[in-house]
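> what's the 3D shape of this:
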Amino acid sequence: MPSKKKPEKYAVLGPKDCWHTYGLQVLTPKKFAYVVSEILNGRHKLVKSQLPNRPIG
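Numbering: from 1, shown residues only. Next comes the predicted model:
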């Protein structure tokens, strides 16, 4: 019988201070308002998604 593996250790996660627009869509209204106010006050950052330039039409 194989020996048991030791549980893997992970780094402790810190507070989230960088947000993607898709992540904001799933927040509750109260949390959304809080995060947006933090972004507008400069305490959190918003990640800009870069889409490839595609011709329209």
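
> and the host helix or strand of Ser37, what does it pack against?
In this structure, Ser37 sits in helix 29-40 according to DSSP states H and E. Other helices and strands packing on helix 29-40, by 3 or more Cβ pairs under 8 Å, 6 or more residues apart in numbering; DSSP states H and E, are helix 21-25. C-beta here means a position set from N, CA and C on the backbone, and glycine is covered the same way.

> so which elements touch the helix it packs on?
Counting by 3+ Cβ pairs under 8 Å, 6+ apart, the packing neighbours recorded for helix 21-25 are helix 29-40.

> next SSE downstream of the helix it packs on?
strand 45-47.

> partner strands of that next one, parallel or antiparallel?
With DSSP bridges as the test, strand 45-47 is paired with strand 18-20 (parallel).

> what distance separates the partner strand from the centre of its chain?
4 Å (Cα atoms, centre = their mean, to the nearest Å).

> buried set for it?
Using 16 or more other Cβ atoms under 10 Å as the test for burial, strand 18-20 gives Trp19.

> which other residues reach that strand?
Applying Cβ atoms under 8 Å, 6 or more residues apart in numbering, the external contacts of strand 18-20 come out as 35, 39, 44-47, 49.

> and Tyr10, how many neighbours?
For Tyr10, the count of nearby residues is 6 (other Cβ atoms under 10 Å).

> sec struct for it, please.
At Tyr10 the chain is in coil, as set by DSSP: H, G, I helix; E, B strand; the rest coil.

> and Gly42, how close does it get to Thr21?
From Gly42 across to Thr21, the span is 18 Å (Cβ to Cβ, to the nearest Å).

> of these two, who's got more company?
The residue with more neighbours, out of Gly42 and Thr21, is Thr21; 10 against 7, by other Cβ under 10 Å.

> these two touch, right, Val35 and His44?
Yes - Val35 lies in contact with His44 (Cβ atoms under 8 Å); the separation is 6.5 Å.
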